[in-house]
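In: Predicted structure and sequence below. I'll ask about it afterward.
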Amino acid sequence: MFSCWLSRLCRGLSTPTGRITHRIHGSLSRRLMLGSRRRIPELSSFVARTNTCGELRSSHVGQEVTLCGWIQYRRQNIFLVLRDFHGLVQVLIPQDESAASVKKILCEAPVESVVQVSGKVISRPPGQENPKMPTGEIEIQVKSAELLNACKKLPFEIKDFMKKTEALRLQYRYLDLRSFQMQHNLRLRSQMVMKMREYLCNLHGFVDIETPTLCKRTPGGAKEFIIPSREPGKFYCLPQSPQQFKQLLMVGGLDRYFQVARCYRDEGSRPDRQPEFTQIDIEMSFVDQTGIRSLIEGLLQYSWPRDKDPVAVPFPSMTFAEALASYGTDKPDTRFGMKIVDISDVFRNTEVEYLQDALSKPQGTVKAICISEGTKYLKRKDIESLRKFAADHFNQEVLPVFLKANRNWNSPVAKSIMEEQRSELIRLMDIQEDSVVLLTAGEHRKVCSVLGKLRLECADLLEARGLVLRDPALFSFLWVVDFPLFLPKEENPGELESAHHPFTAPHPSDLHLLYTEPEQVRSQHYDLVLNGSEIGGGSIRIHDAELQHYVLATLLKEDVKLLSHLLQALDFGAPPHGGIALGLDRLICLVAGAPSIRDVIAFPKSFRGYDLMSNAPDSLPPEELKPYHIQVSWPAESEAEKSSLNQPYHPES
Ligand code: ASP
C-alpha cells in the first residue's frame, strides 16, 4: 500500500509531462511537451536540505546529503525512518561514543518530531534491502542531527492504515494531511489542474480571469449564501457560479475564458456536496455543442494521470429521455448493464389486476430489470430489502420474478405473471435460470426512477457479495443531451423552473414550442457524466435579449429588474456563446478513487457544513454585528446555545 502510493507520487513528481499528448494535439503540443520535458521540478531549491527523503536510490550512494523530515518510527534505537512529502528513508542511528549527542537526539525525539540529519548515503548490507520501499536499497549513515521541533502526544498516529473517524481527521486536518493518501490526492489534483491550465491557456488561447465573489443575488437556481454589508438592509451574495460574469466577458470580447472558480451553494448537507466547491469554469464565443464537447474531451485526455489508461474520445452520448428510460436517471452509470426494459406490451391483455390498473392510466407502463446470477448472489432478505426500499422511498410495489416458480418469495402475483407471459419475457429480457427479475408498474417517470435506484442498490449488493460489476480501473464517460428546457417546480408543479439555468438556449428545432407548449421544449444543455456521477454541465446560451426577457419574465416569472444589466448587455452586440463547468472536486475524487470529495479538498467542511478545526461558523458578539445593522433573533430552543457562546462546539465529533 505504502510503496504503491509512494511510487505513484514519485513518478508524478519527477516527470510532469503527459505521454499521450502529442498523439492528440499535433505539432503545437509537441513543441510544448518537448519544452516541458526538460523541466524536472527541483524539489530542494531554496531550503535547508540537499535532497528529499523519497528520492534517494542506489545511484546516490556515496553522496553527502542533508535531509529534513518527520520521524515516522524508530527500531531498537538503531534505525529511524524519516518521512517527508516525497517518501520514507531509513537512517542509521550512530552507536559509537563519539556520536553520543547525535544518538541522544535521534533516540529521544518523540515520533513525528521534525529533525534535520546530515550524513552519507550508503548501500544496505546484502539481504537487508527492502523491496517494498522505493528507497529500500540504501540508508543514511548519519553524522549530525538537529531536533527542529519536538512533537507532543498526537491525537492519532500518522499511519494510513490507522482507522480514525472523519470528525477527528477534520478536527486535526493538518495532521491528517501528513498521510500519504492525502498527500497523493492533493498532489494529483494540483498536477491535473496544472495540465488543464496548460491545455486551455497555452494550447488553446484561453484567458484565465477572476470574477467577483461578492455579488448581487441571482434569481432562481441554487440557494446562495448572503453576506451583510455596512449599508442598512443591503446584502451581497456569494456566487453559486460565475455564470453571469462569464457571459458578460463574452459580451466584452474576451472570447475564450476559463477560471478555477470557487463557488458557493447553501444547499444543506449532501454526502457528495460541499458548501464551497471548485469548478473549472469555461465560456467561449461562436461555439456550438460539438465544439464544447470536443474541447472538454481534449482537456480531460490531456490532463489525465499517466498511470491510468488513456481516455478514449469522443465520449458516447445519450439523450435525457433515453437515460431516464434505460437507467432511470440523468446520470447513468454505464459501467454495467441491468438496464430498465419496458415490458408493457407483454401485459396488454393481462388478468393481473395490479398491472391492468397501471396500464389503464395515462403514461402507465410495466417495466423491469433483470439481475443475472441474482439467485446465486442475492438472498431472500436482500430481495425483501429492495422491495422495502421501493415501498418506503417511492410508495411503489416491486415484484420479484424467477424462472423457477418455487422461488417466488412472497409474491404469488409474480408467479402468475411468469406463467402467463413466460416466453415473451424471457426473450425480451434475456432471462436465464439464475436471473432475478424485479418488475413494477405505474407512471413512466416514477417507474423509471424506482428501477434506476434499485439497479444501483442491486449493484452494491452484488458487489458486497463478491461479484465485480464496476471495474475500479474503468472510467466511463457519457454526455447526456437534449434535456428539457424546463421542469415543473417541485414545490408548485403548475409553474416552471429551468432544468439547468435560465440562460440556457432552447433547442433550435423546438423554438416554436416556447410560445405554445414550453414544457415540451428541449434545451441546448449538456451534462458530462463519469461512472454515474455528474462531473460537469453547461449549455449554449440565449444571446438574444428579447428571448431572454421572455424566458425570465413570462415563463419563469422572475423579477427581470434583478438581471437588467445582463439583458442590456445582450442588446449591445452579444456574440453567440456557450460554456460549461466541470466539478473539480468530484472529478478528482473519482480519478483518485477516494471515498468522499472531502478526501480531495485540503480543508473541507464536514458533512453538515462545519469547519471542525476552527469551529466555523461561529457566533459574533452583538457589538461586531452592529456595523452591519444586524441582530440575531435567537430561536427559543437556542437560548441555551446563546449562553454557551464561547464554548468550543463540535457538532459532529
Ligand atoms: N454555471 C453552470 C453551473 O455551475 C455551468 C454552465 O452553464 O456553464 O452548473
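Out: Received it, and whenever you're ready, just let me know what you need. Residues are numbered from 1 along each chain as shown.
In: from the stretch 401-550 of the chain, which residue is nearest to the ligand?
Out: Here the stretch 401-550 of the chain gets closest to the ligand at one residue, Gly538, 3.7 Å apart by C-beta to the nearest ligand atom. Yep, even glycine has a C-beta here, placed from its N, CA and C like the rest.
In: Can you tell me the strand partners of the helix or strand hosting that residue and which way each runs?
Out: Secondary structure assigned from DSSP states H and E places Gly538 in strand 533-540. Here strand 533-540 is paired, per DSSP bridges, with strand 525-530 (antiparallel), strand 577-583 (antiparallel).
In: Roughly how far does Gly578 sit from the ligand?
Out: Here Gly578 is placed at a distance of 8 Å from the ligand (C-beta to the nearest ligand atom, to the nearest Å).
In: if we can go back for a sec, export the strands paired with strand 533-540 as CSV, with columns for mean pLDDT.
Out: What follows is the strands paired with strand 533-540, written out as CSV (pLDDT from 0 to 100):
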stretch, mean pLDDT
strand 525-530, 98
strand 577-583, 98
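In: need those in CSV with mean neighbour count, can you?
Out: Rendered in CSV, the data for the strands paired with strand 533-540 read as follows (neighbours: other C-beta atoms under 10 Å):
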stretch, mean neighbour count
strand 525-530, 25
strand 577-583, 24
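In: Please identify which of those is closest to Glu231.
Out: Distances from Glu231 to each of those were compared using C-beta to C-beta; the shortest belongs to strand 577-583, at 31.2 Å.
In: Next secondary structure after the closest one?
Out: Along the chain past strand 577-583, the next helix or strand (assigned with DSSP H and E) turns out to be helix 584-592.
In: now that next one against strand 577-583, angle please.
Out: Between the axis of helix 584-592 and that of strand 577-583 there is an angle of 60 degrees, by axes from the mean of the first three to the mean of the last three C-alpha atoms, to 10 degrees.
In: rewinding a little: could I get the strands paired with strand 533-540 in JSON lines, plus columns for distance to Val287?
Out: Supplementary listing: the strands paired with strand 533-540 in JSON lines, determined by distance: least, C-beta to C-beta, whole Å:
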{"stretch": "strand 525-530", "distance to Val287": "12"}
{"stretch": "strand 577-583", "distance to Val287": "5"}
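In: Identify whichever of those strands lies nearest to Met196.
Out: strand 577-583 (8.6 Å).
In: Pull the distance from the closest one to the chain's centre.
Out: Computed by C-alpha atoms, centre = their mean, to the nearest Å, the separation of strand 577-583 from the middle of its chain amounts to 16 Å.
In: Can we start the residue count at 632 from this point?
Out: With the count now opening at 632, the last piece we talked about shows up as strand 1208-1214.
In: who's in contact with that strand?
Out: Residues external to strand 1208-1214 that are found in contact with it (C-beta atoms under 8 Å, 6 or more residues apart in numbering): 872, 877-878, 881, 888, 892, 908-920, 922-923, 927, 1136, 1155, 1157, 1159, 1165-1172, 1174.
In: roughly how far apart are Leu785 and Pro741?
Out: With distances defined as C-beta to C-beta, to the nearest Å, the gap from Leu785 to Pro741 amounts to 9 Å.
In: Overlap of the contact sets of the two?
Out: Taking C-beta under 8 Å, 6+ apart as the criterion, Leu785 and Pro741 do not both touch any residue.
In: re earlier: looking at the strands paired with strand 1164-1171, spot the one closest to Leu801.
Out: Among the strands paired with strand 1164-1171, the nearest to Leu801 by C-beta to C-beta is strand 1208-1214 (20.8 Å).
In: C-alpha coordinates for that closest one, CSV please?
Out: Output for strand 1208-1214, consisting of C-alpha atoms alone and laid out as CSV, is shown next (Å, rounded to 0.1, in the frame of the first residue of the first chain):
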residue,chain,number,x,y,z
HIS,A,1208,-21.7,31.9,-26.9
GLY,A,1209,-21.8,28.8,-24.7
GLY,A,1210,-19.8,27.2,-21.9
ILE,A,1211,-19.5,24.5,-19.3
ALA,A,1212,-18.3,24.0,-15.8
LEU,A,1213,-16.5,20.8,-14.6
GLY,A,1214,-16.9,20.0,-10.9
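In: How many residues are close by the closest residue to the ligand within the chain?
Out: Distances from the chain to the ligand, computed as C-beta to the nearest ligand atom, single out Ser872 as the nearest residue at 3.3 Å. Here the number of neighbours of Ser872 (other C-beta atoms under 10 Å) works out to 21.
In: so it makes contact with Cys894?
Out: Yes: judged on C-beta atoms under 8 Å, Ser872 makes contact with Cys894 at a distance of 5.0 Å.
In: Give the residues shared as contacts by these two.
Out: Going by C-beta under 8 Å, 6+ apart, residues that sit against Ser872 and also against Cys894 are Gln910.
In: ok, which residues in the stretch 1032-1181 of the chain are in contact with the ligand?
Out: Proximity of the stretch 1032-1181 of the chain to the ligand (C-beta under 6 Å from any ligand atom) is limited to residues Gly1168, Gly1169, Ser1170.
In: Scan these and report the most crowded one.
Out: Within these, Gly1169 tops the neighbour count with 26 neighbours, counted by other C-beta under 10 Å.
In: What are the neighbouring residues in contact with it?
Out: The contact partners of Gly1169, taken as C-beta under 8 Å, 6+ apart, are Ile913, Ile923, His1156, Tyr1157, Gly1209, Gly1210, Ile1211, Ala1212.
In: now do Ile840
Out: Taking C-beta under 8 Å, 6+ apart, we find Ile840 in contact with Leu880, Leu885, Tyr888, Phe889, Gln890.
In: how about the residues you listed, which pair is most distant?
Out: For the contacts of Ile840, the farthest-apart pair by C-beta to C-beta is Leu885 and Gln890; their separation is 11.2 Å.
In: what does the domain assignment say about the chain?
Out: 689-780, 814-942+1163-1231, 967-1095 (the TED database).
In: Can you redo the ones you listed as TSV, where the extra columns are distance to Gly959?
Out: Rendered in TSV, the data for the domains of the chain read as follows (distance: least, C-beta to C-beta, whole Å):
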stretch	distance to Gly959
domain 689-780	44
domain 814-942+1163-1231	11
domain 967-1095	2
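In: So which of those domains is nearest Glu797?
Out: For the domains of the chain, distance to Glu797 was read as C-beta to C-beta. The smallest value, 7.2 Å, belongs to domain 814-942+1163-1231.
In: Tell me the span between the first and last residue of that closest one.
Out: By C-alpha to C-alpha, to the nearest Å, the extent of domain 814-942+1163-1231 from end to end equals 9 Å.
In: Point out where the stretch 882-1031 of the chain drops to low pLDDT.
Out: Counting by pLDDT under 70, the ranges of the stretch 882-1031 of the chain that qualify are 900.
In: repeat for the chain
Out: For the chain, residues meeting the criterion pLDDT under 70 lie at 632-669, 851-853, 900, 1036-1043, 1268-1284.
In: Quick one: name the residues of it near the ligand.
Out: Ser872, Gln874, Gly1168, Gly1169, Ser1170, Gly1210, Ile1211, Ala1212.
In: Out of those, flag the one nearest to Arg714.
Out: Ranked by distance to Arg714 (C-beta to C-beta), the residues of the chain next to the ligand are led by Ala1212 at 37.3 Å.
In: Name whatever forms a beta bridge with that closest one.
Out: Here Ala1212 sits in beta bridges with Asp912, Gly1168, going by DSSP bridges.
In: Apart from its neighbours in sequence, what residue is nearest the residue most central in space within the chain?
Out: Closest residue to the average C-alpha location of the chain: Arg1217 at 1.0 Å, with C-alpha atoms, centre = their mean. What sits nearest to Arg1217 in space, not counting adjacent residues and going by C-beta to C-beta, 6 or more residues apart in numbering, is Ile1166, at 5.3 Å.
In: Kindly provide the distance from the one you found to Val1111.
Out: Here the criterion is C-beta to C-beta. By it, Ile1166 lies 11 Å from Val1111.
In: now Ala1104
Out: Counting by C-beta to C-beta - Ala1104 and Val1111 are separated by 23 Å.
In: likewise Val773?
Out: With distances defined as C-beta to C-beta, the gap from Val773 to Val1111 amounts to 59 Å.
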